[in-house]
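Chemist: Quick one: sequence plus predicted model below, questions after.
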Amino acid sequence: MIGQGKTIGIILVAVGLLIVMGAALCLAPSLAEGRLRLSGFVLGLALTSIFVTLPLVAAGVYLYLHGRTESQQLAEVAKERRLLNAIRAQGRVNVADMAVELDVPVSRVRDYVYDLVGKGLFTGYINWQEGVLYAREAAQMQTTRCPYCGGERELVGKGVVKCPYCGSELFLPAES
């Protein structure tokens, strides 16, 4: 039921509002005929609102907000998947082109790459000067030399190695 929170939330809010309107319509004829005082009418609506409508509306609002957040997260995951698929299919992608294709800023593409590296889904390297992201098989990444300039690499973070000479960042598989 992933992605259904917004829809269910809207339905619950609508049902809650229909219940309170239905209660008002049921009590209104009795009020008009004089069989019910105004205080009884107000009490009936208040009890219906507090014990029936309010919980439904509160649950509906919560589900709607949670569903909206979930939808945004799923959209981000879909963009990461598109980036990963493009890199795997082409072996080399231009970061600026991917930013345009994904409709995000270049800095967001960088965040996607780091997230994919952190999840262990991507190995390769990027040369930030060229703005090109390269995919490499794990066996090819076991050397201590930079694939771009041949310089010695240094560890800068989990799964990330940076060449001090050209600035290329290499994304390595996590150690088992």
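Modeler: Nice, thanks for sending it over.
Chemist: Which residue comes closest to residue 63 once chain neighbours are left out?
Modeler: For residue 63, ignoring the flanking residues on the chain, the nearest one in space by CB to CB, 6 or more residues apart in numbering is residue 9 at 3.5 Å. Every C-beta, even on glycine, is put in place using the N, C-alpha and C of the backbone.
Chemist: Identify the residues contacting that neighbour.
Modeler: Contacts of residue 9 were listed using CB atoms under 8 Å, 6 or more residues apart in numbering, and they are 59, 60, 61, 62, 63, 64, 65, 66, 67.
Chemist: Filter those residues down to just the ones in helices.
Modeler: With helices taken from DSSP state H, the overlap with the contacts of residue 9 comprises 59, 60, 61, 62, 63, 64, 65, 66, 67.
Chemist: Domain-wise, how is the protein divided?
Modeler: The chain breaks down by automatic domain parsing into domains covering 5-78, 91-171.
Chemist: same question for the last one, mean pLDDT?
Modeler: For domain 91-171, the mean pLDDT works out to 79.
Chemist: and the end-to-end length of it?
Modeler: Its start and end residues considered, domain 91-171 measures 14 Å (CA to CA, to the nearest Å).
Chemist: what helices or strands is the helix or strand hosting residue 134 leaning on?
Modeler: With elements taken from DSSP states H and E, the one containing residue 134 is strand 132-135. In this structure, strand 132-135 makes packing contacts with helix 54-90, strand 92-94, helix 95-102, strand 124-127, judged by 3 or more CB pairs under 8 Å, 6 or more residues apart in numbering; DSSP states H and E.
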